[in-house]
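[1] quick one, structure for this:
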Amino acid sequence: MLHPELRSRPELTDRAAARLLPADDRKLVSRALHGLPERARCVLWHAEVEAEDPAVPAAILGVTPEDATVKATHARALLRDACMRAHRETAPDEECRRFSRLLDVALRRGDLGLDPDLREHLADCPHCRHTADQLDHSGSRLAVLLAEAVLGWGARAYLDSRPGRGRGAGRK
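    Numbers count the residues shown, from 1 in each chain. Modelled structure (predicted):
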């Protein structure tokens with residue numbers, strides 16, 4: 001019953017369990033998501049990954065669908081804040097920590113190109129570049145990021161299998 005990609009094979013040098021982990025450039029969202037309260041994780045998963053009607057997480061959480069919609073909006077903000085906190089906590093140096101606020105503001109505005117110092121830093125810093133990529137929650141990206149944080153290598157196939165997403169919705 002184990003998925004074929006997880007079975008050990010002599011020609012593979014990496015451990016099968018390692019393929020369950022998010023890629024190095026996706027660990028920020030994983031860390032942030034796992035630090036959220038359970039209710040926030042639940043509503044995010046059902047709203048974004050499963051793409052279900054708000055009535056589904058509402059029934060699980062024992063709230064109205066309107067409350068579930070509000071909780072989903074709040075959970076998205078909590079996730080974003082947790083990503084920024086994780087970025088600062090894992091920053092390799094003080095320069096990255098100094099740029100974190102500017103990075104957050106630029107991403108909220110939707111334009112990383114506004115500040116030349118930030119552009120230069122991003123060109124030279126993979127840590128901040130990965131953060132910028134993971135803070136882009138536009139379109140279906142948040143669903144992909146959340147699924148990768150939990151499912152690792154299996155995220156895209158799982159997203160494609162979700163009835164609420166429609167065929168190919170997880171391709172970003």
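[2] helices along the chain, start to end?
    Ranges of helices within the chain are 27-34, 38-44, 55-61, 65-90, 94-109, 116-124, 126-134, 141-151, 155-161, based on DSSP state H.
[3] any chance of these in JSON lines, with mean neighbour count too?
    Heads up, the C-betas are built off the backbone N, CA and C, glycines and all. Formatted as JSON lines, these follow (neighbours: other CB atoms under 10 Å):
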{"stretch": "helix 27-34", "mean neighbour count": "21"}
{"stretch": "helix 38-44", "mean neighbour count": "19"}
{"stretch": "helix 55-61", "mean neighbour count": "17"}
{"stretch": "helix 65-90", "mean neighbour count": "17"}
{"stretch": "helix 94-109", "mean neighbour count": "15"}
{"stretch": "helix 116-124", "mean neighbour count": "13"}
{"stretch": "helix 126-134", "mean neighbour count": "19"}
{"stretch": "helix 141-151", "mean neighbour count": "22"}
{"stretch": "helix 155-161", "mean neighbour count": "16"}
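[4] of those helices, which approaches Leu21 most closely?
    helix 27-34 (8.1 Å; CB to CB).
[5] possible to save the helices of the chain as TSV with mean pLDDT and distance to Leu21?
    Shown next, in TSV, are the helices of the chain (pLDDT from 0 to 100; distance: least, CB to CB, whole Å):
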stretch	mean pLDDT	distance to Leu21
helix 27-34	93	8
helix 38-44	97	18
helix 55-61	97	26
helix 65-90	96	16
helix 94-109	90	23
helix 116-124	93	25
helix 126-134	93	15
helix 141-151	92	10
helix 155-161	88	12
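[6] count of neighbours near Pro163?
    8 (other CB atoms under 10 Å).
[7] can you check the pLDDT for it?
    The predicted structure scores Pro163 at 89 on the pLDDT scale.
[8] dihedrals phi and psi, it?
    Pro163 adopts backbone torsions of phi -60, psi -40, taken as degrees, to the nearest 10.
[9] quick one: it from Ala51, how far?
    8 Å (CB to CB, to the nearest Å).
[10] now Phe99: closest residue in space, sequence neighbours ignored.
    His121 (5.2 Å; CB to CB, 6 or more residues apart in numbering).
[11] residues in contact with that neighbour?
    Glu95, Cys96, Phe99, Cys128 (CB atoms under 8 Å, 6 or more residues apart in numbering).
[12] please consider this matter closed, and thank you.
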